[in-house]
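Novice: Okay, here's the prediction I keep looking at, along with the sequence it came from:
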Amino acid sequence: MGSDFRIAAWLIQPQLNTVSNNGTTVRLEPKVMEVLVCLAQHAGEPVSKDELLQTVWPKTFVTDDVLKRSISELRRVFEDDIREPRVIQTIPKRGYRLLAPVEPVDGAHGTAVPQTGQSRKAGLKGRTLVLLSGGVAALLLILLGALSVASRERLLGKKADPQIHSIAVLPLQNLSGDPNQEYFADGMTDALITDLAQIDSLKVISRTSSMQYKQTKKSLPAIARELNVDGIVEGTVQRSGDRVRITAQLIYAPSDKHLWANSYERGMRDILALERDVTEDIARQVQAKLTGPNLVAGAQFRPVNPKALDLYLQGNYHLNEFAKGAGDQEKRKAADYFQQAIDAEPEFASAYNGLANAHLGILWPSSQDAEIATEAAERAVALDPNSSNVHLTLATMKEMAWDWAGAEQEYRRAIAVSPKSADAHGNLGALLDVTGRLDQGWKEQQIAFELDPNNADLFNFTLSCGLDTRGEYDRAIAIYQMFLKRDPNNGFTHLGLARDYLRKGMYKEAMPHLEQFWTLFGFPDVAAGVHRALVTSGYRGAILESAKATEHLIASRQAYVPVAAAEFYATGGDKERAFYWLEQAYSHRDFLAAGSDDPVGTISEDLLLEPLRSDPRYKDLLRRVGLPQ
């Protein structure tokens, strides 16, 4: 049902994602509109949850809560009461039914074709009477409205314009002939993703999800199916001296149809304007509006110091290398490049934000890292208060310092600037969970799931905790396994799987992933020791071997991970040693504020610390951290 129709007094326009009544128009999220269309196609009949999920979210993992949220949004728009429904009825343990009559609309006049009943049989009879009395013109209009898109195309001899509601930007190919320029191509890809993400009506897949397709041999339709998007942007970037040339093309992925292509060339000083030209052209092709605070069509941009920009992009490259599992040296390199970029361009907000992130998540932080990060983040937000990424950085820092109210405020500011930021919604949801607001937290995490279901980093560090908190270990394991098939060398995914298996008491399944985690993060000797302990001392011996290895990392100043040590000891049954390391984490909060270990504040939802929860010392620690007991 791609054409317009009415439900009672409301005009539904699926192509525009709008619902109108009495001069008021509400815009729905595309997936919410798809739920409504699916119900309308079966008006008066029960539609199961499975059918709705498979129709609207094919080949994508979402939970029932996403569907419930969509139904709740529809009820809000239709002012429907769940206790006395007039529009949508919930059928317990089965699904939903659209109660209100559905009437097709005469596209030429925006009027509904009368029907005599709710059933499709009665509706067909009513439409037949109208057709017989309305003449050939009315007959043609109604038939065209009722036909599928493909049928209309064949009848009219032309194709309807594809509708694009979601998009992925594949890594731009480096054509510079110099592999050392790879950082520049990646940087241009990041910039394009960031700009497109500010388009109000367009869902843009994150960098983490799209970068996995760098140099892929998969077809565009296959990539689109995996990412659940309509459109794909792909292209090239070539840098020669001070000139930059970008080519980009937009593909309607389901049919691999080429929609648009263009090339752009400017000097490095005008690179922001070049990026904006590409974004505006793509926005016009998807008929979207540029609505973000930093994204006003036709805006003039201050030239960027080419040297500062180049240094900034190199800093970002090393920052992303750290995220792949490299050591602190990559973050130190990134910090050095960001500082050089700031020296060359003292008002470069993004470089300050990069500098802040380069001093966070350090395996072995110095006493100055947190201080440098704080100063850099505060300078970044002063220079660019409308940057969602800056507010995310500030929120992370406040959360690590146990400033729960301040962190929540910054996460909400990040969402206000960029409503479709999966990272902002996911992290806010995790914070709400930690502070005891589970219903609100789950809602935010479901939004993040729906916005970017293929983001392994977001799931590993944030969304998996939401499932674990609710005892949904099997679902978490299923998602981890899906991500592992795509990237078998992601150490964080192996660690997540090991944790969930351990929590379920599935030690045999957990051990290979625990060993693989140690190997992938550069400690094959630890992995070998865990395996030997498993053979000689069983599962508990292998877990305690991991705990001792973690202590060795701390003693040898390789990584400060006291909470990880506490997790292994708690799982291995040594409660006293577990509490020792939790107290160490509490005592070194300033040191941890820049560290890579889980901050102490997350212990309220740490599944491996479950054996400690009944101990009064655990509740006392929560109280001192400022969290509900």
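Specialist: That came through fine. Note that the coordinates shown come from a computational prediction; the quantities given were computed from them, not determined experimentally. Numbering: from 1, shown residues only.

Novice: Which secondary structure element of the protein has the lowest mean pLDDT?
Specialist: Within the chain, no helix or strand scores below helix 120-146, which has a mean of 37 by mean pLDDT, DSSP states H and E.

Novice: So, low pLDDT: which residues of this protein?
Specialist: Within the chain, the ranges that satisfy pLDDT under 70 run 1-2, 59-63, 106-161, 288-304, 322-327, 590-605.

Novice: domain parsing for it?
Specialist: 5-156, 166-304, 523-629 (automatic domain parsing).

Novice: quick one, what contacts Q409?
Specialist: Applying CB atoms under 8 Å, 6 or more residues apart in numbering to Q409 gives the contacts A395. Using the backbone N, CA and C atoms, a C-beta is placed for each residue, glycine as well.

Novice: Now do the SS call for it.
Specialist: Three-state call for Q409 (DSSP: H, G, I helix; E, B strand; the rest coil): helix.

Novice: ok, so what distance separates it from V434?
Specialist: Per CB to CB, to the nearest Å, Q409 is found 15 Å from V434.

Novice: In JSON lines: the domains of the chain, plus distance to N427 and mean neighbour count.
Specialist: Formatted as JSON lines, these follow (distance: least, CB to CB, whole Å; neighbours: other CB atoms under 10 Å):
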{"stretch": "domain 5-156", "distance to N427": "18", "mean neighbour count": "16"}
{"stretch": "domain 166-304", "distance to N427": "13", "mean neighbour count": "18"}
{"stretch": "domain 523-629", "distance to N427": "12", "mean neighbour count": "18"}
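
Novice: now those domains as JSON lines including distance to S367?
Specialist: Output for the domains of the chain, formatted as JSON lines (distance: least, CB to CB, whole Å):
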{"stretch": "domain 5-156", "distance to S367": "42"}
{"stretch": "domain 166-304", "distance to S367": "30"}
{"stretch": "domain 523-629", "distance to S367": "7"}
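
Novice: closest to D310 out of those?
Specialist: Of all the domains of the chain, domain 166-304 sits nearest to D310, with 7.4 Å by CB to CB.

Novice: residue contacts, P30?
Specialist: Neighbour list for P30: N17, H165, S166, K203 [criterion: CB under 8 Å, 6+ apart].

Novice: tell me the strands in the stretch 101-250 of the chain, going along the chain?
Specialist: 102-106, 111-112, 166-169, 173-174, 203-204, 231-240, 243-252 (DSSP state E, counting those that start in this stretch).

Novice: possible to save these as TSV with distance to N454?
Specialist: Converted to TSV, the strands of the stretch 101-250 of the chain look like this (distance: least, CB to CB, whole Å):
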stretch	distance to N454
strand 102-106	34
strand 111-112	40
strand 166-169	9
strand 173-174	21
strand 203-204	12
strand 231-240	14
strand 243-252	18
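
Novice: looking at those strands, which is closest to N305?
Specialist: Across the strands of the stretch 101-250 of the chain, closest to N305 is strand 243-252 (CB to CB), at 14.5 Å.

Novice: Among the contacts of P30, which one lies nearest to D500?
Specialist: Using CB to CB, those come closest to D500 at K203, 28.5 Å.

Novice: Kindly state the beta-bridge partners for the closest one.
Specialist: Counting by DSSP bridges, K203 is bridged to S166.

Novice: Flag every buried residue along the helix or strand hosting A341.
Specialist: Secondary structure here is read from DSSP states H and E; on that basis A341 sits in helix 328-344. By neighbour count on 16 or more other CB atoms under 10 Å, the buried set for helix 328-344 is 328, 330-331, 333-342, 344.

Novice: Among the residues you listed, which one lies nearest to D525?
Specialist: Using CB to CB, the buried residues of helix 328-344 come closest to D525 at D328, 19.2 Å.

Novice: is it true that that closest one touches L363?
Specialist: Yes. Using CB atoms under 8 Å, D328 is in contact with L363, at 5.0 Å.

Novice: so what's in contact with these two at the same time?
Specialist: Common neighbours of D328 and L363 (CB under 8 Å, 6+ apart) do not exist.

Novice: Nearest residue to L553 in space, ignoring adjacent ones along the chain?
Specialist: In space, and not counting its chain neighbours, L553 is closest to A559: 4.4 Å by CB to CB, 6 or more residues apart in numbering.

Novice: And the one you found, how far from T536?
Specialist: 26 Å.

Novice: Same question for L484.
Specialist: From L484 across to T536, the span is 28 Å (CB to CB).

Novice: In this structure, which helix is the longest?
Specialist: helix 524-555 (DSSP state H).

Novice: elements contacting that helix?
Specialist: Where contact means 3 or more CB pairs under 8 Å, 6 or more residues apart in numbering; DSSP states H and E, helix 524-555 is packed against helix 507-520, helix 562-572.

Novice: These: which one's closest to E34?
Specialist: Comparing the helices and strands packed on helix 524-555 by CB to CB, helix 507-520 comes nearest, at 36.3 Å.

Novice: Using CSV, write out the CA atom coordinates for the closest one.
Specialist: Output of helix 507-520 as CSV, limited to C-alpha atoms (Å, rounded to 0.1, in the frame of the first residue of the first chain):
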residue,chain,number,x,y,z
TYR,A,507,32.0,-22.6,31.1
LYS,A,508,32.9,-24.9,28.2
GLU,A,509,31.5,-22.4,25.7
ALA,A,510,33.1,-19.4,27.4
MET,A,511,36.7,-20.7,27.5
PRO,A,512,37.6,-20.5,23.8
HIS,A,513,36.4,-16.9,23.7
LEU,A,514,38.3,-16.0,26.8
GLU,A,515,41.5,-17.4,25.3
GLN,A,516,40.8,-15.6,22.0
PHE,A,517,40.3,-12.3,23.8
TRP,A,518,43.7,-12.5,25.4
THR,A,519,45.3,-13.5,22.1
LEU,A,520,43.7,-10.7,20.1
